[in-house]
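J.: Give me coordinates for this.
(one chain, ligands or ions: 2)
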Amino acid sequence: MERNYTKLWWQHCLAIVGFSVIPLLIVNLSLHALFNDIYTDKVSENLLNRVEARRDTLDLFLNERVAQIYTVAHTNKISDLIDEAYLGRVFSIMHAKSDSYVDIGVIDKAGNHLAYVGPYYDVLKSANYKNEPWFYAVMSQGLYISDVFMGYRHYPHFIIAVLIREKNETWILRLTINLKNVDDIVQKAWIGTLSDAFIINSTNQLQTLPRFGGEYLSAPIFKRFGKGTDNGNIPYPDLSATAKTRVERMSIQGNDVFIAAASVRSSAWVLVSKESPDEILSPLAQGSFWMYLLTAAGLLAICTGAALFTNALINRIRETDRENAANSDMLLQANKMIALSKMAAGIAHEVNNPLASIAENAGWMKDLLVEEDLTANPNIKEFSDAVDKIEQHVDRARKVIHNLLGFARRMEPAKEKINVNNLLDETTGFLENEARYVNIQIEKDYADDVPTITSDLSQIQQVVLNLLNNAIDAIGSNGVVTVGSRYLAKSNEVEIRIADTGKGMTEAELNKIFDPFFTTKEIGKGTGLGLSISYSIIEKLGGKIKVQSTVGEGTIFTIILPKH
Ligand code: ADP
Ligand code: MG
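T.: Ligands and ions are numbered 1, 2, ... in the order given. The predicted model follows:
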């Protein structure tokens with residue numbers, strides 16, 4: 001059976017690729033996933049740590065302010081504090097080493113300002129706080145840190161207030177904290193160019209100005225980045241209920257973000273920090289890129305290696321198949337040829353004797369025609385012609401016998417001197433009748449300078465016969481087969497050419513014609529062995545066989561044989 005080498009090629013190649021690529025991919029992908037997880041965890045942890053550190057700084061800041069206010073409240077007499085000149089001196093001492101306060105005020109239990117030092121004197125000195133929420137809170141709790149609010153000054157600020165008791169009387173010492181201090185602490189949480197951080201109160205109102213979206217006391221707004229992004233009103237999820245700390249990778253309307261939040265201990269605030277994964281995970285993306293690149297390079301190497309290896313393997317198999325086919329078929333052929341040659345020798349011998357006798361008698365008759373006085377005979381001309389014809393035909397029969405004997409002798413494998421043109425003549429002679437019958441002309445195009453070569457005559461004859469048979473088959477009927485020879489002086493080789501005007505071959509056929517059992521002829525007509533055997537014979541004789549073909553125009557087979 002003819003093997004499908006292309007299919008075999010793919011099977012082998014895919015098997016090799018499959019067995020090496022699948023483990024490679026499994027290992028790479030799982031390592032990548034693992035690395036991804038670990039790295040993301042690390043980044044989250046880092047983010048949380050930073051938010052906690054900011055939160056702790058903020059707590060420290062607030063605690064220090066509270067401590068300072070307590071100190072002022074408890075180390076001064078209320079009668080001194082309500083003196084605005086005295087209060088002004090106290091405030092300038094508090095203010096001296098830090099820029100933490102905006103103003104200071106002493107308020108009585110009816111909510112009226114008794115003394116005020118600060119930039120809003122005109123607005124606030126006459127203000128009454130009795131109905132303000134912070135006023136209730138401090139009266140009931142003793143100490144109060146407010147959220148950010150607008151107040152009478154219509155400007156965002158927040159206050160810390162403590163109760164002062166003296167002889168059953170109560171006053172309130174109230175300080176406005178400079179929001180810039182809080183902003184500074186929060187802004188240190190911005191790391192990347194896309195990160196943001198802000199504080200919200202228990203009702204999700206902004207207490208500081210975020211980097212990208214939202215006003216004081218409004219809900220924080222998320223901003224998308226990138227070209228052509230619509231930044232409608234995308235709110236952050238409400239994180240005001242954060243109990244301690246949290247970090248999460250989440251999607252805000254399809255936008256991937258890291259959010260970390262920590263609740264401030266000394267107030268009801270929550271510090272929120274947002275990071276873009278694109279930014280903080282960029283080393284990971286870079287790692288992925290290299291992994292994909294290396295994997296791709298690995299795949300390429302595997303595929304190339306597999307293809308090269310498979311090519312070599314399939315070529316070997318093809319070669320072995322050819323040799324096997326040639327060996328088995330040649331044995332059969334050789335046996336047939338030996339039988340045939342014996343028969344030919346026998347026939348030649350048997351027919352030679354009668355032929356000799358006919359020739360002798362014809363000669364004698366010729367002599368007689370001259371010697372006797374038969375010239376007067378009116379049929380003398382016809383006698384003479386008949387005798388000539390007998391001699392001609394005997395001559396022809398002798399040539400046939402000669403060929404037969406030559407053929408018989410040649411069956412022994414040998415290295416002999418061969419006249420290539422004679423060999424071609426004899427071999428075409430075998431097929432001339434058959435060719436004439438289907439109107440195929442055999443033309444000869446021999447070079448005169450073709451030298452004798454040393455090779456195996458019968459094997460070359462077998463090859464030429466195969467090629468001639470194929471040429472005649474390819475033409476079918478009406479066409480020309482040209483048999484040619486040439487001496488290639490430069491390489492000291494002889495070229496034999498058999499060209500036909502037959503149907504030609506496609507590229508796909510050309511690739512297969514030397515494969516054993518490849519045939520396009522119907523069952524019983526073609527064996528598919530002719531060319532495969534010819535190929536291995538010529539190769540064994542140290543020569544080459546080549547083919548050129550054009551569909552619809554014809555085919556040229558070229559055999560090149562070394563002179564020795
Ligand atoms: P077979 O003659 O038994 O088919 P061969 O090995 O001699 O086997 O040839 C194999 C095939 O190669 C043929 O079936 C034919 O398709 C193609 N072939 C060979 N010689 C020619 C030619 N001269 N022109 C066209 N096709 C050819
Ligand atoms: Mg053939």
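J.: Now for L294: which residues touch it?
T.: If a contact means CB atoms under 8 Å, 6 or more residues apart in numbering, then L294 has no contacts. Just so you know, the C-beta spots here come from the backbone N, C-alpha and C atoms, and that holds for glycine as well.
J.: need the next SSE after the strand or helix carrying it, C-terminal direction.
T.: Using DSSP states H and E, L294 sits in helix 282-371. Next helix or strand after helix 282-371 toward the C-terminus (DSSP H and E): helix 380-409.
J.: Averaged pLDDT, that next one. What do you get?
T.: The average pLDDT within helix 380-409 is 79.
J.: got the angle for the helix holding L294 vs helix 380-409?
T.: Orientation of helix 282-371 against helix 380-409 (axes from the mean of the first three to the mean of the last three CA atoms, to 10 degrees) gives an angle of 140 degrees.
J.: Distance from helix 282-371 to the middle of the chain?
T.: Averaging C-alpha positions (CA atoms, centre = their mean, to the nearest Å) puts helix 282-371 40 Å from its chain's average.
J.: Stretch 492-510 now?
T.: Centroid separation between stretch 492-510 and its chain, computed with CA atoms, centre = their mean, is 40 Å.
J.: where exactly do the strands run in the stretch 51-200 of the chain?
T.: 101-108, 113-117, 143-145, 158-166, 169-177, 196-200 (DSSP state E, counting those that start in this stretch).
J.: and the first one, which residues are buried?
T.: So that's strand 101-108. Within strand 101-108, the residues that count as buried by 16 or more other CB atoms under 10 Å are 101-107.
J.: Pull up the pairing partners for it, direction included.
T.: With DSSP bridges as the test, strand 101-108 is paired with strand 113-117 (antiparallel), strand 169-177 (antiparallel).
J.: Then the shortest one?
T.: Strands flanking strand 143-145 in the sheet, each with its direction: strand 158-166 (antiparallel) (DSSP bridges).
J.: Okay, helices next: where are they in the stretch 51-200 of the chain?
T.: 78-81, 84-96, 121-124, 133-141, 179-187 (DSSP state H, counting those that start in this stretch).
J.: before we move on, what about the stretch 401-550 of the chain?
T.: Here the stretch 401-550 of the chain has its helices, by DSSP H, counting those that start in this stretch, at 420-437, 457-475, 507-510, 530-540.
J.: Make a markdown table from those and add mean neighbour count, mean pLDDT and distance to P283 to it.
T.: Shown next, in a markdown table, are those (neighbours: other CB atoms under 10 Å; pLDDT from 0 to 100; distance: least, CB to CB, whole Å):
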| stretch | mean neighbour count | mean pLDDT | distance to P283 |
| --- | --- | --- | --- |
| helix 420-437 | 16 | 92 | 76 |
| helix 457-475 | 21 | 91 | 68 |
| helix 507-510 | 11 | 92 | 52 |
| helix 530-540 | 21 | 84 | 61 |
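J.: Distance to N178 added to those helices, as CSV?
T.: Below are the helices of the stretch 401-550 of the chain laid out as CSV (distance: least, CB to CB, whole Å):
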stretch, distance to N178
helix 420-437, 113
helix 457-475, 103
helix 507-510, 87
helix 530-540, 98
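J.: Which one of those helices lies nearest to D59?
T.: Taking CB to CB, helix 507-510 is the member of those nearest to D59, at 82.3 Å.
J.: other SSEs contacting the host helix or strand of S251?
T.: S251 is located in strand 245-252, with elements delineated by DSSP H and E. Applying 3 or more CB pairs under 8 Å, 6 or more residues apart in numbering; DSSP states H and E, we find strand 245-252 packed against helix 5-75, strand 255-263.
J.: got the angle for the first one vs strand 255-263?
T.: By that I understand helix 5-75. Counting by the same axes, to 10 degrees, helix 5-75 lies at 30 degrees to strand 255-263.
J.: now the angle between helix 179-187 and helix 5-75, please.
T.: 150 degrees.
J.: and helix 5-75, average pLDDT?
T.: For helix 5-75, mean pLDDT is 91.
J.: The last one too?
T.: In this model, strand 255-263 has a mean pLDDT of 91.
J.: Turn the strands of the stretch 51-200 of the chain into a markdown table, including mean pLDDT and distance to D256.
T.: Below are those laid out as a markdown table (pLDDT from 0 to 100; distance: least, CB to CB, whole Å):
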| stretch | mean pLDDT | distance to D256 |
| --- | --- | --- |
| strand 101-108 | 94 | 40 |
| strand 113-117 | 93 | 50 |
| strand 143-145 | 94 | 35 |
| strand 158-166 | 92 | 34 |
| strand 169-177 | 93 | 36 |
| strand 196-200 | 93 | 15 |
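J.: can you tell which of these is closest to ligand 1?
T.: Ranking the strands of the stretch 51-200 of the chain by proximity to ligand 1 (CB to the nearest ligand atom) places strand 196-200 first, at 76.8 Å.
J.: same for the closest one, what does it pack against?
T.: Contact partners of strand 196-200 among helices and strands, from 3+ CB pairs under 8 Å, 6+ apart: helix 5-75, helix 179-187, strand 270-275.
J.: Out of these, which is closest to I538?
T.: Among those, the nearest to I538 by CB to CB is helix 5-75 (20.9 Å).
J.: so how far is that closest one from its chain's centroid?
T.: Averaging C-alpha positions (CA atoms, centre = their mean) puts helix 5-75 29 Å from its chain's average.
J.: Run through the residues of the stretch 451-564 of the chain sitting next to ligand 1.
T.: 466, 470-471, 474, 500, 502-505, 509, 513, 518-521, 526-532, 555 (CB under 6 Å from any ligand atom).
J.: Also the chain?
T.: Within the chain, the positions near ligand 1 by CB under 6 Å from any ligand atom are 466, 470-471, 474, 500, 502-505, 509, 513, 518-521, 526-532, 555.
J.: Show me the contact partners of stretch 248-259.
T.: Residues outside stretch 248-259 that contact it (CB under 8 Å, 6+ apart): 40, 43-44, 47, 222, 224, 234, 236-237, 239, 246-247, 260, 272-278, 280.
J.: Could you turn the buried ones of those residues into a PyMOL selection?
T.: Typed into PyMOL, the line below selects the buried ones among those, using 16+ other CB under 10 Å:
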select buried, resi 40+43+44+47+222+224+236+239+246+247+260+272+273+274+275+276+277+280
